[in-house]
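Visitor: Here's my sequence, what's the structure:
(2 chains)
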Amino acid sequence: MEFIKRVLHFLIEPFKKFGSLGISEKITRYLTKHKFLIYILAFITTSILIYFVYFYN
Amino acid sequence: MILALQVFGQDLWRLFLDFYLIWLLVIFIYKIVFRNSKIFNFVMIFMVLGVVSLLTQKLGLKVSGSIFSYIVEWFPVLLIVIMAPDFRRMIEFTWKKDNKNENIIMGDQSTREAIVNAAFYLSSQNTGALMTIEKHNTLDQFADRAIMMHSSISKELLINIFVPNTPLHDGAVIIRGDEILCAGAYFILSEKEVEDKTMGSRHRAALGISEVTDSLTIIVSEETGDVSIAVEGILLKMNDKEKLREYLGMFMR
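Guide: Purely as a prediction, here's the structure:
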């Protein structure tokens, strides 16, 4: 039982740690404060999309 | 003439129009996703699941491959169903103007005194209060749903707003410059873990607004009478008037 617990811990722990870092909160907070970044990101995404649709072959 | 211009065999006007429309659409999606950490979390999970699904299919894992592709297929529907209220709110605010007022007029000395005195009077009476002072980021979107006041600040008025069991006491007062813009404003609660159990939804609301705007919020706890401020996503306890005065002085420069 203890062994299974340890294995499960080993498998789950990295996800738990990643989740507790609060990366999404940090990103959303940063992008809310620096609103222009959303426009730049959208511009880059659109450029990539347009490039692939029109010019990539 | 311009309509005839071409780039790599493509009509320039068609490219521009297509680019512009897609850009607007992407901005709209990004504004919904990146402004709400709950939705953003779901999107991140969706991306991870997508990568796992792709990997399992490439590796020829028949069972997990089909299960993951099924999950990825239905995840967007699940996301919309679970996050419906958040989506509704985000869509509502997406195209509202983000007024970032560069020429702000902060309250003067008498305003600061009124706020400090009111906060500590309310604290002595164990009356809960929430006062948010606007800076560059506009709080109009919260004021829109509150009760507009546009009145001069005074200690007495602030105290009166927070008298329990009166229509305005529940919610926050928003202060713009030397006036009380509105009362009874509701903010989005912070998702941050608050260790101190005496801190309730009032503190979470104050933290929430401080995370998304550059405002400062003064919180008076109903349970303990403690006075705290929330700024930049941090809660700070104010032990005495002098400390609060000092912080307000720095903030309202």
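Visitor: For B:Ala185, give me its contacts.
Guide: Residues in contact with B:Ala185 (C-beta atoms under 8 Å, 6 or more residues apart in numbering or on different chains) are B:Thr132, B:Leu139, B:Phe142, B:Ala143, B:Arg145, B:Ala146, B:Gly171, B:Ala172, B:Val173, B:Ile174. Heads up, the C-betas are built off the backbone N, CA and C, glycines and all.
Visitor: So which of the residues you listed are in helices?
Guide: Counting by DSSP state H, the contacts of B:Ala185 place B:Phe142, B:Ala143 in helices.
Visitor: min pLDDT across the contacts of B:Ala185, which one?
Guide: Least confident by pLDDT among those: that is B:Arg145, with 82.
Visitor: B:Tyr186 is in contact with that one, correct?
Guide: Yes - counting by C-beta atoms under 8 Å, B:Arg145 touches B:Tyr186, with 6.9 Å between them.
Visitor: ok, those two, which is more surrounded?
Guide: Legend: neighbour count by other C-beta atoms under 10 Å in any protein chain shown for B:Arg145 and B:Tyr186, higher for B:Tyr186 (14 against 11).
Visitor: For the residue nearest to the more buried one when sequence neighbours are not counted, give me its contacts.
Guide: Counting by C-beta to C-beta, 6 or more residues apart in numbering or on different chains, B:Gly171 is the residue found nearest to B:Tyr186 once chain neighbours are left out, at 5.4 Å. Residues in contact with B:Gly171 (C-beta under 8 Å, 6+ apart) are B:Leu130, B:Ala146, B:Ala183, B:Gly184, B:Ala185, B:Tyr186.
Visitor: give me phi/psi at the fifth one?
Guide: According to degrees, to the nearest 10, the main-chain angles of B:Ala185 amount to phi -90, psi 140.
Visitor: for the third one, same thing?
Guide: For B:Ala183, the backbone dihedrals (degrees, to the nearest 10) come out as phi -130, psi 160.
Visitor: Same check on the fourth one?
Guide: Recorded main-chain torsions at B:Gly184 are phi 70, psi 30, according to degrees, to the nearest 10.
Visitor: from memory it sits against B:Asp144, does it?
Guide: No - the pair B:Gly184 / B:Asp144 is not scored as a contact, 11.9 Å apart, by C-beta under 8 Å.
Visitor: higher neighbour count, the two?
Guide: B:Gly184 (19 against 12).
Visitor: What separation do you get for the more buried one and chain A?
Guide: Distance, B:Gly184 to chain A, using C-beta to the nearest C-beta, to the nearest Å: 24 Å.
Visitor: ok, that residue - contacts?
Guide: With contact taken as C-beta under 8 Å, 6+ apart, B:Gly184 is in contact with B:Ala146, B:Ile147, B:Pro167, B:Leu168, B:Asp170, B:Gly171, B:Ala172.
Visitor: most neighbours, which of those?
Guide: Highest neighbour count within those: B:Ala172, with 28 neighbours (other C-beta under 10 Å).
Visitor: does it really touch B:Gly208, like I thought?
Guide: No - in this structure, B:Ala172 is not within contact of B:Gly208 by C-beta under 8 Å, at 10.6 Å.
Visitor: tell me, what's touching those two both at once?
Guide: Common contact partners of B:Ala172 and B:Gly208 (C-beta under 8 Å, 6+ apart): B:Phe187.
Visitor: ok, back up a step: how about the contacts of B:Gly184, which pair is most distant?
Guide: Spatial extent of these (C-beta to C-beta) is set by the pair B:Pro167 and B:Ala172 at 14.2 Å.
Visitor: Near chain B, which residues of chain A? Just list them.
Guide: Applying C-beta under 8 Å from any C-beta of the partner chain, we find that chain A lies next to chain B at A:23-25, A:27-29, A:31-33, A:35, A:38-39, A:41-43, A:45-47, A:49-50, A:54-55.
Visitor: Surely A:Glu25 is in contact with B:Asn36?
Guide: No - the criterion here is C-beta under 8 Å, and A:Glu25 misses it with B:Asn36 at 10.4 Å.
Visitor: These two: which has the busier surroundings?
Guide: Neighbour count, other C-beta under 10 Å: between A:Glu25 and B:Asn36, B:Asn36 has more, with 22 against 18.
Visitor: Roughly how far does that one sit from chain A?
Guide: B:Asn36 sits 7 Å away from chain A, going by C-beta to the nearest C-beta.
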